[in-house]
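K.L.:
Structure, please.
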Amino acid sequence: MHSTNLRPGAQTDLTPAASQYLVHLNQDILNFPNIMIQSSPLRSLFLSALFAFPFVAGPLGLDSLWAAEEKKIEFPAASQHSVLKQRVGLTDVEVDYSRPNKNDREIFGGLVPYGKLWRTGANAVTKIKFSKAVTLGGKEIPAGEYALFTIPTADEWTIIISKDAKIQSAADYKQENDAARIMAKPEPIPNTIETFTIGLADVKGASATLNFLWDKTRVPVKLTTHDVDQVSSQLDAVVSAGTSLDPRTAYQAAAFYYDNNKDMNQAAKWIDQALEKNPDAYFMHYKKAQIQAKLGNKKEAVASAQKAIDILKKDKAPDESAIRNAQQIIDSSK
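P.N.:
Numbers count the residues shown, from 1 in each chain. So this is what the prediction gives:
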């Protein structure tokens, strides 16, 4: 048996005459891939051989030839794709959009006309996703993925959250699919933002600000999660049941109550419970000092802050920032 490699001069398991024809065909295809099938006098023989011997396509190099023809050159997009991911409390927020540049153009009222529906970016429609229900600009938004559109004007923007997350363009938008319409006020900013940006700022345990920024304009929208309410309900149940928490959870519960201005007396109980098993944890003494200061127990706050400093200074390389924070409690409580 001969090889089926049809490089010029190679042997095949076809007859010598057929092999020679196919070698010529192979060269014909490589030299004239777009016209061979239409005009080559060897067309009939080629088709007969191809259907009679389907295994020939590979040796002929057709697979690689067609793959080369189909291979596309990828170019960088003028408006780059971006995915923003941010956790707010216990809720994950994701924005998928493209970012056009100003390029010395007038943006709002020019490139982006006032009073017209805007895809809020470039290329594909902007998408926004929430892992849990949130309140956006005072409107309740269930968990899920949405299309995000805006209608800018000089004095007010309409932020549209559409339930049609599969929509391909602004031309396909239908108001009947709105999950919410939110009104927001644009604000001037001193520095020019060259690239359109959607961001989350002022991120806290229960809230953040969703910002739209471009040129010299910022449009802020308040985003609030329900995580604090949910955790508070769980901790209220713990208190009602008189359940004891492990030291780590007790510390986290005390910090949560402090950060969210809950019951400081209960926070003090939890921090003491945590310190029973962790007497040398400087950060727990510091948290206790914060709680005592908020309760108005200045003398006790000073003692707890000093304890935190004493523990920190035992380290060969003490955390100077933590020492300064504790000292601030001492200074403000005198």
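
K.L.:
Report how many residues lie close to Y257.
P.N.:
When neighbours are counted by other C-beta atoms under 10 Å, Y257 registers 24. Backbone N, C-alpha and C define where each C-beta goes, glycine included.

K.L.:
distance of it from A184?
P.N.:
33 Å (C-beta to C-beta, to the nearest Å).

K.L.:
Excluding sequence neighbours, find me the nearest residue to N260.
P.N.:
V228 (5.6 Å; C-beta to C-beta, 6 or more residues apart in numbering).

K.L.:
quick one: buried residues of the helix or strand that contains that neighbour?
P.N.:
Assessed by DSSP states H and E, V228 sits inside helix 227-241. Of all the residues in helix 227-241, those buried under the rule 16 or more other C-beta atoms under 10 Å are 227-228, 231, 235, 238.

K.L.:
burial count for the residue nearest to K313 when sequence neighbours are not counted?
P.N.:
Nearest in space to K313, with sequence neighbours left out and distances taken as C-beta to C-beta, 6+ apart, is I323 at 7.3 Å. By the criterion of other C-beta under 10 Å, I323 has 17 neighbours.

K.L.:
export the helix or strand containing I323 as PDB, just CAs?
P.N.:
I323 belongs to helix 320-333 when assigned by DSSP H and E. The C-alpha coordinates for helix 320-333 follow below in PDB (Å, rounded to 0.1, in the frame of the first residue of the first chain):
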ATOM      1  CA  GLU A 320       1.400  52.300  63.600                       C
ATOM      2  CA  SER A 321      -1.900  53.000  61.800                       C
ATOM      3  CA  ALA A 322      -3.800  50.900  64.300                       C
ATOM      4  CA  ILE A 323      -2.000  52.600  67.200                       C
ATOM      5  CA  ARG A 324      -3.000  56.000  65.800                       C
ATOM      6  CA  ASN A 325      -6.600  54.900  65.500                       C
ATOM      7  CA  ALA A 326      -6.700  53.800  69.100                       C
ATOM      8  CA  GLN A 327      -5.000  56.900  70.300                       C
ATOM      9  CA  GLN A 328      -7.700  59.000  68.600                       C
ATOM     10  CA  ILE A 329     -10.300  57.400  70.800                       C
ATOM     11  CA  ILE A 330      -8.200  58.200  73.800                       C
ATOM     12  CA  ASP A 331      -7.800  61.800  72.800                       C
ATOM     13  CA  SER A 332     -11.400  62.300  71.900                       C
ATOM     14  CA  SER A 333     -12.600  60.700  75.100                       C
END
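
K.L.:
quick check, distance from it to the centre of its chain.
P.N.:
36 Å (C-alpha atoms, centre = their mean, to the nearest Å).

K.L.:
so what does it touch, helix or strand wise?
P.N.:
Counting contacts by 3 or more C-beta pairs under 8 Å, 6 or more residues apart in numbering; DSSP states H and E, helix 320-333 is packed against helix 282-295, helix 298-313.

K.L.:
give the contact list for the spatially closest residue to A322 that is not a sequence neighbour.
P.N.:
Spatial nearest neighbour of A322, excluding adjacent residues (C-beta to C-beta, 6+ apart): L312 at 5.7 Å. Residues counted as contacts of L312 (C-beta atoms under 8 Å, 6 or more residues apart in numbering) are 282, 318-319, 322-323, 326.

K.L.:
Would you quantify the distance from L312 to A305?
P.N.:
For L312, the distance to A305 (C-beta to C-beta) stands at 11 Å.

K.L.:
Give the residues shared as contacts by these two.
P.N.:
Contacts common to L312 and A305, judged by C-beta under 8 Å, 6+ apart, are A326.

K.L.:
how deep is A77 tucked in, by neighbour count?
P.N.:
12.

K.L.:
from memory it sits against N123, does it?
P.N.:
Yes. Counting by C-beta atoms under 8 Å, A77 touches N123, with 6.8 Å between them.

K.L.:
Buried residues of stretch 260-279, list them for me.
P.N.:
So stretch 260-279, judged by 16+ other C-beta under 10 Å, has buried residues 262, 264, 266-271, 273-275.
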